[in-house]
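*Asks:* following is a predicted model, sequence given first.
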Amino acid sequence: VQLQASGGGLVQAGGSLRLSCVVSGLAFDKFPMAWFRQAPGQEREFVAAVRRRGFETDYADSVKGRFTISRDNTKNTVYLQMNDLKPEDTAVYYCAAREFYSSVWKHWGQGTQVTVSS
């Protein structure tokens, strides 16, 4: 199983980025997907999740209204559109997958760095 995240970079506050995570080695449309992030010196935290068909989503309060998670099951890809970025969004962003019957995020990508300058 591989989860390949990309799309990170350096952006000014108020800017936008779109992260992508391409998944291989599992039946993508059967796995809920999520994005997490980890800032230096902090624990990894939940950002957003999307159910298998893409119709149900969940967001951390800190990103509601600014970030949008989506998926394309024909491309085995999950996205995170990030708008109105803030310096506190600076972190390494990870995509993750779990079995639909489990609460444990079992599969993780390698992470992509997002840096927001003020």
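*Replies:* In hand now; what should we look at? Every value quoted in this text rests on a predicted model; they were computed, and no experiment measured them.

*Asks:* just the element for the most centrally placed residue in the chain, please.
*Replies:* By C-alpha atoms, centre = their mean, the mean C-alpha position of the chain lies nearest to residue 35, the distance being 2.6 Å. Following DSSP states H and E, the helix or strand that holds residue 35 is strand 33-38.

*Asks:* who are the packing partners of the very next helix or strand once past that strand?
*Replies:* Sequence-wise, the next helix or strand beyond strand 33-38 is strand 45-50, with elements assigned using DSSP H and E. In terms of contacts (3 or more C-beta pairs under 8 Å, 6 or more residues apart in numbering; DSSP states H and E), strand 45-50 is packed against strand 33-38, strand 57-59, strand 67-72, strand 77-82. C-beta coordinates here come from the backbone N, C-alpha and C atoms, glycine included.

*Asks:* list the buried residues in the last one.
*Replies:* Put plainly, it is strand 77-82. 77-80, 82 (16 or more other C-beta atoms under 10 Å).
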